[in-house]
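Participant: fold the following.
(2 chains)
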Amino acid sequence: MNLSEQYPIHLSNSLSGKKEKFEPLVPGFVGMYVCGPTVYNYVHLGNTRTFLTFDTVSRYFRFLGYKVRYVRNITDVGHLESDADEGEDKIGKKARLEELEPMEIVKRYTEDFHNVMRIFNILPPSIEPSATGHIVEQINITKKLIDLGLAYETNGSVYFDVKKYNQSHHYGILSGRNIDELMESGRDLDSQDEKREKVDFALWKKASPAHIMRWPSPWGEGFPGWHIECTVMSTKYLGETFDIHGGGMDLKFPHHECEIAQATGANGKTPVRYWLHSNMLTVNGQKMSKSLGNSFLPSELFTGNHPMLERGYTPMTVRFFMLQSHYSSTLDFSNEALGAAEKGYKKLANSLKLIKSIEHPGNATPDKELNEALQTLVADCYKNMSDDFNTAKTLAVLFEMSSRINDMKSGNVSLNKIEPAVFESFKKAYIGFMEDVLGLQEETSSDDKLLDGTIRVLIELRKKARTDKNFALSDKIRDDLKAIGVQLKDGKDGEITYTIE
RNA sequence: GGUCUCGUGGCCGAGUGGCUAGGCUGAGCUCUGCAAAAGCUCCUACAGCGGUUCGAAUCCGCUCGAGACCUCCA
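Facilitator: Numbering: from 1, shown residues only, chains lettered A, B, ... in the order given. Prediction:
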C-alpha cells in the first residue's frame, strides 16, 4: 500500500461546501491550477499567503508520491479598472503613469514576484503561463462562445450572455448566488449600455485610441476580458476537466464563477472537480489589501521598516506564522503573533539541525512503548496533512517530535531503546515534513565561514578557561559574545554550541 | 439591502457531539559553577440566552459583536 492509499487526502471543496475524499482524475496524477498575481504592483503579504497555501498543497501531494502538474498564471493584461477608468486595463494605465512600456512594468513586477516566492521558499509551479502569451486562444474561445450563442458582440466588445447560459446551467453554483438577485443589485458600470444584462461580463474589450495594450481580433483592436485567460490556460495545460483549482477567497465571485460559466459553456463539461479557496490575511481584523492601505510588503516585514512593525522578522518566521493557522481561516497579523512565531520556529529549526546530526548506534534493546509512541507521531504527521492540509495540527505534532529529539540529544531518551528502523523513519519524517512538506528550512543567519571559525576559536578559549575554573574569563567571553548577538550554550557533554540572534 | 463566514484560556491559533491540540507569555521544579538551552509540572477556555441529547465549545434557534463577498483585489 502506498502513502496516498494509506493516508487518503480529504479536502474542503468550495463547490460542494463539504470535505470530500480526493480522487484524482488519473490515478497517481494531480492537475492543479491556481490564479496567480496581477503583475502591475509589488506583491504584498496577503497575496503571499495564497501562494504559500498552494505551495504546501502541491508539496504534500508530491510527498505522497503523486506526480503533480501545477499551473499558476501570470496576469499581465486584462484586469479592468473600476468605473472611473472606463474599462482601461490596469497594466496599460500604470505604464502611462510611469511612462514605461507595459512589458517593462510586467517584467519588473514579475521579477519582484519571483524573488519574493524564492525568499519564502515557495517552489515554482510546473508551468507559469502568461495571459499575453495566450491571446490567440482567448480569441478562439470567444469566437466559439459566440457561435454557441452564449456571447454577443457590441461595439467591438464581446460579452458573455449570463442569462442565456443560466437557462441550461446554474450561474452562481460556486458562490451560491442566484441570478435574479444579481440582476437587481450591484452598481451600474460604464459599459452597462453595451451589455444586455448587468450580470454579463466581458470576454473581449475594445481598446480606446489611447489604450496601449491591444491586439487585433475579429471584432477590431482590443484586449481580453479578465476571466477568460484562466479558462484558456487551465484547460490548455490541464484539460477540459481537471482536479484542483485554487485561489484566494476574494476570487470566488465573480472570477471563479465566470470561469465555470465560460468553460462549461464552451466545452460542455464541468471544468474543475475540487475548488480550494484560501482565506484572507487580516490586520486588526480587516482584510489586508492595497486599496485599504493596510498591506505589508515582504521587504518591509524583513527590515521592520513599517509604522506598524516593532522590528523585522525573517522569511521562515513568516512562513511558520502562516502555517500555524488553517488556510481556510482568516489569519490576523500582529507584532505579538509574529514574535511568538519566531520563537516557535526557532525551536523546530534547532531540532531539525539536531536530528540531522544524530545517528543511531545500532544494537537496540527496544522499549516497546517508546517505539510505538514515536511511530504514532510519524503517522500523525501524515494524518493531519491528509486532513485538508492541516498544517496547524501537523506543526503541533512536530513540536512533540522536537521535544523527543531534544530528549535524544540530552540523553533523556536513550537511542538504545529505539529500534533502528523506527529511528530512521522518525528522523526521515521530521526532516521530510519540515523541509519538503512545510518548506521550513534552517535559516542560517550567516553561513560565513570566517565568522564561524572565529567563534569556534573563542569557544575553545572558553572551554580552556572553564577547565581551569577561570569563570571570570569564561563568563566574559560568553557575555561579550552575547552582547553582539552570539549566544553560547553549554551542553552536558562539555560541547559548546552557539546561535546567532 | 442581499449572500456568507466567524466569535475558543493573558495573546496567537487548532478542533467540532463524550478523550490533553499546539505555540507564545507567566509561575514552579530538574539539569548546570553561573547562565542559556533542554526536560517536566501548573495557570483549563470555548460571546450571551434558549433548545435537541444520557452528554454540546461542537447540532438547532434567537440575540449581541466582528468580518468577507456583492466593484479591481490572493
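Participant: when you work out contacts or count neighbours from here on, use the C-alpha atoms and nothing else.
Facilitator: OK.
Participant: contact partners for A:L473?
Facilitator: A:R462, A:A465 (Cα atoms under 8 Å, 6 or more residues apart in numbering).
Participant: within the helices and strands, which one has it?
Facilitator: Using DSSP states H and E, A:L473 maps to helix A:471-483.
Participant: what is the burial count for the nearest residue to A:T391 once chain neighbours are set aside?
Facilitator: Nearest residue to A:T391, sequence neighbours excluded (Cα to Cα, 6 or more residues apart in numbering): A:L323, at 5.5 Å. Look at A:L323: counted by other Cα atoms under 10 Å, it has 24 neighbours.
Participant: just the pLDDT for A:L323.
Facilitator: pLDDT for A:L323: 97.
Participant: that one contacts A:F389, doesn't it?
Facilitator: No. Taking contacts as Cα atoms under 8 Å, A:L323 lies outside contact range of A:F389: 10.0 Å.
Participant: sorry, back to before: now the helix holding A:L473: average pLDDT?
Facilitator: On average, helix A:471-483 scores 86.
Participant: over to stretch A:342-352?
Facilitator: Rounded mean pLDDT across stretch A:342-352 is 95.
Participant: which outside residues touch it?
Facilitator: Residues contacting stretch A:342-352 (Cα under 8 Å, 6+ apart): A:313, A:316-318, A:320-321, A:398-399, A:402, A:405-406, A:430-431, A:434, A:440-443.
Participant: now for chain A, the helix or strand with the poorest mean pLDDT.
Facilitator: helix A:90-98 (a mean of 72; mean pLDDT, DSSP states H and E).
Participant: does any part of whichever helix or strand comes after that helix sit near RNA strand B?
Facilitator: Moving toward the C-terminus from helix A:90-98, the next helix or strand (DSSP H and E) is helix A:102-119. No. Interface with RNA strand B: helix A:102-119 contributes nothing (Cα under 7 Å from any atom of the strand), its closest point being 11.0 Å away.
Participant: report the mean per-residue pLDDT for helix A:102-119.
Facilitator: 92.
Participant: and stretch A:256-270, by the same measure?
Facilitator: 96.
Participant: what residues does it touch?
Facilitator: Under Cα under 8 Å, 6+ apart, the answer for stretch A:256-270 is A:141, A:144-145, A:148, A:150, A:160, A:162, A:165, A:171-175, A:227-228, A:230-231, A:240-241, A:271-272.
Participant: would you mind trimming those residues to those in range of RNA strand B?
Facilitator: Counting by Cα under 7 Å from any atom of the strand, the members of the contacts of stretch A:256-270 near RNA strand B are A:S175.
Participant: so which of the contacts of stretch A:256-270 belong to helices?
Facilitator: A:I141, A:K144, A:L145, A:V162, A:Y165, A:I228, A:C230, A:T231 (DSSP state H).
Participant: so what's the first one up against?
Facilitator: Translated: A:I141. Going by Cα under 8 Å, 6+ apart, A:I141 touches A:V232, A:A266.
Participant: same question, the last one
Facilitator: With contacts defined as Cα under 8 Å, 6+ apart, the neighbours of A:T231 are A:E259, A:Q262, A:A263.
Participant: cutoff 7 Å now
Facilitator: Applying Cα atoms under 7 Å, 6 or more residues apart in numbering to A:T231 gives the contacts A:E259, A:A263.
Participant: in three-state terms, label A:Y237 for me.
Facilitator: At A:Y237 the chain is in helix, as set by DSSP: H, G, I helix; E, B strand; the rest coil.
Participant: so what's it closest to, chain neighbours aside?
Facilitator: A:Y237 sits nearest to A:V71 (Cα to Cα, 6+ apart), 7.6 Å away.
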